[in-house]
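Trainee: Quick one, what's the 3D model for this:
(chains A and B)
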Amino acid sequence: MALPTASPPRVALGALFYEFLKVSLLASGGGIVWAHRITVDRRRWLSDAEFADIVSVCQFMPGPNVVGIAVCVGTRLRGLVGAIAATAGFILIPGIIGFSLGVLWFRHTGVPLLQNVLVGISAAAAGMIIATGLRLLRAYRRRLPALLFAALAFAGIAIGQFPLLLVLLALAPLSIGAAAIAGGRAR
Amino acid sequence: MSDPAALGRLAAHLALLSSISFGGVPTVLPDIHAFVVANHWLTDRDFADFLAVSQAIPGPNMILMMSFIGWKVAGLPGAIASACATFAPPCAMYFAAYRLWNRFRDAPWQRLARAGLAPLTAGFVVAGGTVMARTADISWPAVGVTGGAAALLLFTRLNPLWMLGGAGLVGALGVL
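Mentor: The predicted model follows:
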């Protein structure tokens, strides 16, 4: 799928910092849900396809992948300073808040009510991640090979429990090959 | 127990592991666990507690996890150094890789690569949610919460905060 070649919208550094600060604070367990909602649905900085493109690059890299989304969105919109603004927004203030909360938590013991609340939140968070993945697939819903490879990628991780990099390296050449054949036929 | 030498070794180890943590930091957690326990910096119990709390707190979970370990080893400077060691090397790599990828965004080979990779990415994200659901969904009502949140996000424009808040409330009632 071709991405629009037009240059991305001009985005203020403060907006990058602020929106990724929100992504980080809202994301209990699944930053990708909020990164997608804010950058694609709300701010319209990126299309679904561009977002999927960024997540694809991040899959190949080591480290915390959601931070990678901040780095790549910042880079796409404003280059190096954009990457720094988005990453700082993602890490700085949420890190200080989270660290303080954690130290407080360790000094007191867990409260049962809070733990029950966490059970509910993590159940909903899991469902939201599943929905975000399905959204990324929507652009490909009429292409049978794409759906097949999405299902294989899902099965390799969720059922086979293989390491992500292994599944990626095994399926990527086949999936790209299928896309090349389909593209050749369409032309 | 502030010990600069220990902190140096911890930070170097975290920087190395985060640079090879393909598939995310959780893939190298077993290695980090073995390293800190073998050095008698943390007990098994400490490690499990740090992990649970860093997962529960909103924010960059794995960076928080490492800052808790650094805090235990060398106080606040330890927390800061460990957090930086965890995110700085991968961030530099993300930046370089994306710049390179973006330079060829109109190349025919990259269109094909993108068409092939995007469905895999979608499959991985759904799988990640499913794996998380497996640990989060401790009962049938919890499965219902997961399914309901997925459906609401897909088919409505409801703000996800309402879903998280509602689910937290249901959890507080103790029915999950």
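
Trainee: Please verify my assumption that B:G123 contacts A:A153.
Mentor: Yes: the pair B:G123 / A:A153 is scored as a contact, 3.0 Å apart, by CB atoms under 8 Å. Where you see a C-beta, it was placed from the backbone N, CA and C, and this is true even at glycine.

Trainee: Please, which helix or strand holds the residue nearest the centre of chain A?
Mentor: The residue lying closest to the centre of chain A (CA atoms, centre = their mean) is A:I32, at 3.3 Å. A:I32 is part of helix A:31-36 when elements are defined by DSSP states H and E.

Trainee: and stretch A:83-102, anywhere near chain B?
Mentor: Yes: counting by CB under 8 Å from any CB of the partner chain, chain B has neighbours in stretch A:83-102: A:83, A:87, A:90-91, A:94-95, A:97-99, A:101-102.

Trainee: Outside of that stretch itself, list whatever touches it.
Mentor: Contacts with stretch A:83-102, where a contact means CB atoms under 8 Å, 6 or more residues apart in numbering or on different chains, come from A:13-14, A:16-21, A:23-25, A:66-67, A:70-75, A:78, B:50, B:53-54, B:57-60, B:63-64, B:67-68, B:71, B:79, B:83, B:87, B:91, B:95.

Trainee: Report the residue spans of chain A with pLDDT below the cut-off.
Mentor: Low-confidence segments of chain A (pLDDT under 70): A:1-7, A:28-30, A:109-111, A:185-187.

Trainee: can you give me the helices in it?
Mentor: A:13-26, A:31-36, A:48-59, A:65-107, A:112-137, A:144-158, A:164-186 (DSSP state H).

Trainee: mind putting these in TSV, distance to B:L10 included?
Mentor: TSV is the format used below for these (distance: least, CB to CB, whole Å):
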stretch	distance to B:L10
helix A:13-26	24
helix A:31-36	25
helix A:48-59	26
helix A:65-107	16
helix A:112-137	28
helix A:144-158	30
helix A:164-186	25
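
Trainee: right, so the ones you listed: which one is the most enclosed?
Mentor: helix A:31-36 (a mean of 26; mean count of other CB atoms under 10 Å in any protein chain shown).

Trainee: now for that helix, which elements pack on it?
Mentor: helix A:13-26, helix A:48-59, helix A:65-107, helix A:112-137 (3 or more CB pairs under 8 Å, 6 or more residues apart in numbering or on different chains; DSSP states H and E).

Trainee: Are the shortest one and chain B in contact anywhere?
Mentor: To tie it back to what came earlier, the one meant is helix A:48-59. Yes: against chain B, helix A:48-59 shows contacts by CB under 8 Å from any CB at A:49, A:52-59.

Trainee: Tabulate these (JSON lines), appending distance to A:I121.
Mentor: Putting those into JSON lines (distance: CB to CB, whole Å) gives the following:
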{"residue": "A:A49", "distance to A:I121": "30"}
{"residue": "A:A52", "distance to A:I121": "26"}
{"residue": "A:D53", "distance to A:I121": "30"}
{"residue": "A:I54", "distance to A:I121": "26"}
{"residue": "A:V55", "distance to A:I121": "23"}
{"residue": "A:S56", "distance to A:I121": "28"}
{"residue": "A:V57", "distance to A:I121": "30"}
{"residue": "A:C58", "distance to A:I121": "25"}
{"residue": "A:Q59", "distance to A:I121": "26"}
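
Trainee: what's in contact with the lowest-mean-pLDDT helix or strand in chain B?
Mentor: Sorting the helices and strands of chain B by mean pLDDT, DSSP states H and E puts helix B:44-56 at the bottom, at a mean of 77. Residues from elsewhere that reach helix B:44-56 (CB under 8 Å, 6+ apart): A:28-29, A:98, A:102, A:105-106, A:118, A:122, B:29, B:33, B:36-37, B:42, B:61-62, B:64-65, B:68-69, B:72.
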